[in-house]
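Enquirer: quick one, what's the 3D model for this:
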Amino acid sequence: MTKDVSSDAVDTVLLDVDGTLIDSTYWHAYAWQRAFAARDLTPPWWQIHRAVGMGGDLLVGELCGQKVEDESGDELRDEWADRYREVLDKVQPFPRVRELVAGLTDAGYTVALASSGAREFTDAALELIGMTRDDFAAVTSSDDAEQSKPASDLLHAALDAAGGSHAVLVGDSVWDVAAANRLPCPCVGVKSGGIAAAELLDAGAALVVDDVAALVERQWRP
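Expert: Just a heads-up that it's a prediction; the model follows:
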């Protein structure tokens with residue numbers, strides 16, 4: 001068993017969902033690209049990919065500017081959601097998610113989900129990994145926070161709902177790391193969302209591994 005990132009004070013593990021538990025990051029980027037294209041907007045693919053993980057309420061302005069957000073933000077988000085629904089059947093879970101959750105729970109940690117996605121898609125992710133809300137101390141989504149990632153509101157909401165006091169976050173994006181920094185709590189980065197280890201470490205991740213299966217292999221504990 002390895003303890004890598006923090007102190008014995010940690011009692012709660014918060015798990016991001018997209019790009020961390022399910023292989024959805026590039027499908028989200030695809031859905032956003034289609035939404036933008038429908039309005040003749042052409043942010044580069046690489047920028048769309050890098051923006052996935054921040055809240056959709058921020059992503060449009062980040063990629064296309066505040067004028068586009070003010071004029072078309074809600075319509076673009078609706079279009080993105082429609083396009084993502086079309087590809088949900090192509091999204092796959094990452095291996096060994098249930099093993100990770102079971103191992104942490106058996107070791108005495110509280111485990112909660114902290115997704116910046118909509119409740120609908122969080123529930124779809126739970127179905128993909130073969131788990132239910134009852135398998136977690138709390139499951140939060142964008143509906144549960146006033147500000148989305150990279151703000152820490154969602155992590156606060158998940159930690160409070162889980163009844164925890166000190167957390168560590170497992171996530172795949174620099175937005176996850178930024179939110180953890182603001183909580184503050186340590187963040188374990190996973191490369192399964194397509195962001196390089198160097199970028200996650202530069203953002204402040206305490207540890208970076210390939211994916212959640214790697215955490216299971218090393219019997220990781222906070």
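
Enquirer: give me the neighbour count for E127.
Expert: 11 (other Cβ atoms under 10 Å). All C-beta spots, glycine's among them, are computed from the backbone N, C-alpha and C.

Enquirer: is it true that it lies in a helix?
Expert: Yes - counting by DSSP: H, G, I helix; E, B strand; the rest coil, E127 is found in a helix.

Enquirer: give me the pLDDT for D143.
Expert: Looking at D143, its pLDDT stands at 85.

Enquirer: er, D8 actually
Expert: Reading off the model, D8 has pLDDT 54.

Enquirer: what about L14, how many neighbours?
Expert: L14 has 30 neighbouring residues, counting by other Cβ under 10 Å.

Enquirer: who does the helix or strand harbouring it pair up with?
Expert: In the assignment (DSSP states H and E), L14 maps to strand 12-15. Applying DSSP bridges to the sheet, strand 12-15 is found paired with strand 110-114 (parallel), strand 167-171 (parallel).

Enquirer: let me have the ones you listed in JSON lines, adding mean neighbour count, mean pLDDT and distance to E62 as columns.
Expert: Output for the strands paired with strand 12-15, formatted as JSON lines (neighbours: other Cβ atoms under 10 Å; pLDDT from 0 to 100; distance: least, Cβ to Cβ, whole Å):
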{"stretch": "strand 110-114", "mean neighbour count": "25", "mean pLDDT": "98", "distance to E62": "20"}
{"stretch": "strand 167-171", "mean neighbour count": "29", "mean pLDDT": "98", "distance to E62": "18"}
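
Enquirer: nearest to G53, of those strands?
Expert: The closest approach between G53 and any of the strands paired with strand 12-15, judged by Cβ to Cβ, belongs to strand 167-171 at 7.6 Å.

Enquirer: contacting residues around the very next helix or strand once past that closest one?
Expert: In the C-terminal direction, the helix or strand that comes right after strand 167-171 (DSSP H and E) is helix 174-182. Among residues not part of helix 174-182, those counted as contacts by Cβ atoms under 8 Å, 6 or more residues apart in numbering are 16, 20, 50, 53-54, 116, 149-152, 154-155, 168-169, 171, 186-187, 189, 195, 199-200, 203-205.
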